[in-house]
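got a predicted structure here, sequence first:
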Amino acid sequence: MVDARLARILKLVRRHVPDLRLVHKDEVRWMRWVGGLLRPVVPEFSSRYTTVMGRTVFLPRPARQMPPRVLASTLAHELVHQLDQQRWGPLFYLSYGFCLPVGRSLRAHWERRAYAVDLLLARERGGEPELERVVDTLVDLFSGRSYLWMWVGRSSARAFLEPVVEAVRTGDLDHTEPYVSILKAWRGTTETREEEWASRA
Ligand SMILES: [Zn+2]
């Protein structure tokens with residue numbers, strides 16, 4: 001049986017990326033090569049992290065082996081990157097990869113936009129305690145080696161994330177795209193069903 005939430009998220013993603021491809025990293029030779037290159041610093045690159053380029057989402061496991069909820073939240077995060085990539089094109093890739101790669105990177109700007117989804121879903125799952133737990137994880141991710149020290153220093157990483165955390169806490173982000181659509185798809189609220197009816201009319 002197809003998980004209803006995952007189906008809604010997939011439908012939303014395909015609205016923006018009609019030719020979406022979900023690929024297992026291990027099956028792509030150049031991805032294995034990148035994984036090998038990064039292994040000394042980020043050994044989990046192939047086994048834990050998802051990477052997205054355009055229509056292709058490179059997953060650490062085959063999609064059908066991932067719990068639907070995990071795959072749905074991963075695809076929601078990656079959708080923010082895909083929309084930013086569509087909007088900014090080469091500028092996205094250049095700034096993600098090369099500009100100030102360490103310390104205070106533009107990569108952190110893009111990841112903060114995408115991790116806002118993870119923060120929203122944490123709030124949905126378990127309110128303030130779960131939100132705080134995920135913020136702690138993100139502080140490690142932003143300041144540590146996982147993304148090649150994209151915002152060094154735990155306290156400055158926390159300060160950098162704080163405006164987004166606050167916007168999630170107050171509900172301000174719920175009114176901003178693409179988060180509005182992601183939340184609707186995640187919750188399966190009536191608006192989504194109304195849109196479906198409208199599209200049939
Ligand atoms: Zn990301």
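Good, I have the coordinates.

element containing the most centrally placed residue in the chain?
Centroid check for the chain by Cα atoms, centre = their mean gives His77 as the closest residue, at 2.0 Å. For His77, the host element (DSSP states H and E) is helix 68-88.

now tell me what touches that helix from outside.
Outside helix 68-88, the residues within contact range by Cβ atoms under 8 Å, 6 or more residues apart in numbering are 3, 5-6, 9-10, 12-13, 16-17, 50, 52-55, 57, 59, 63, 66, 92-93, 95, 110, 113-118, 121, 178, 182, 185-186. C-beta here means a position set from N, CA and C on the backbone, and glycine is covered the same way.

which ones among those residues map onto strands?
Per DSSP state E, strands hold the following members of the contacts of helix 68-88: 52-53, 57, 59.

among the residues you listed, which two are most distant?
Met53 and Leu59 (12.6 Å; Cβ to Cβ).

more neighbours: the two, which one.
Leu59 (23 against 13; other Cβ atoms under 10 Å).

give the bridge partners for that one, please.
For Leu59, the beta-bridge partners are His24 (DSSP bridges).

enumerate every residue touching it.
Contacts of Leu59 by Cβ under 8 Å, 6+ apart are 22-25, 50, 66, 71, 74.

if we use 7 Å, what do you get?
22-25, 50, 66 (Cβ atoms under 7 Å, 6 or more residues apart in numbering).

what distance do you get for it to the ion?
13 Å (Cβ to the ion, to the nearest Å).

and the pLDDT for the residue in the chain positioned nearest to the ion?
The nearest approach of the chain to the ion comes at Ala114, 4.1 Å away (Cβ to the ion). You'll see Ala114 listed with a pLDDT of 98.

for the residue lying closest to it once chain neighbours are set aside, give me the pLDDT.
Nearest non-adjacent residue to Ala114, counting by Cβ to Cβ, 6 or more residues apart in numbering: Val80, 4.1 Å away. Val80 carries a pLDDT value of 98.

can you count the residues close to Val80?
21.

do you know how far it is from Val168?
14 Å (Cβ to Cβ, to the nearest Å).

overlap in contacts, the two.
With Cβ under 7 Å, 6+ apart, Val80 and Val168 have no common neighbours.

buried residues in the longest helix along the chain?
In the chain, with assignment by DSSP state H, the single longest helix is helix 106-143. With burial defined by 16 or more other Cβ atoms under 10 Å, the residues of helix 106-143 counted as buried are 106-123, 131, 134-135, 138-139, 141-143.

looking at the ones in strands among the contacts of helix 68-88, spot the one nearest Met150.
Nearest member of the ones in strands among the contacts of helix 68-88 to Met150, counting by Cβ to Cβ, is Val52, at 16.3 Å.

check contacts around that closest one.
Here Val52 is in contact with 78, 81-82 (Cβ under 7 Å, 6+ apart).

any chance of the residues you listed in JSON lines, with neighbour count and distance to the ion too?
Converted to JSON lines, these look like this (neighbours: other Cβ atoms under 10 Å; distance: Cβ to the ion, whole Å):
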{"residue": "Glu78", "neighbour count": "24", "distance to the ion": "7"}
{"residue": "His81", "neighbour count": "21", "distance to the ion": "5"}
{"residue": "Gln82", "neighbour count": "23", "distance to the ion": "10"}
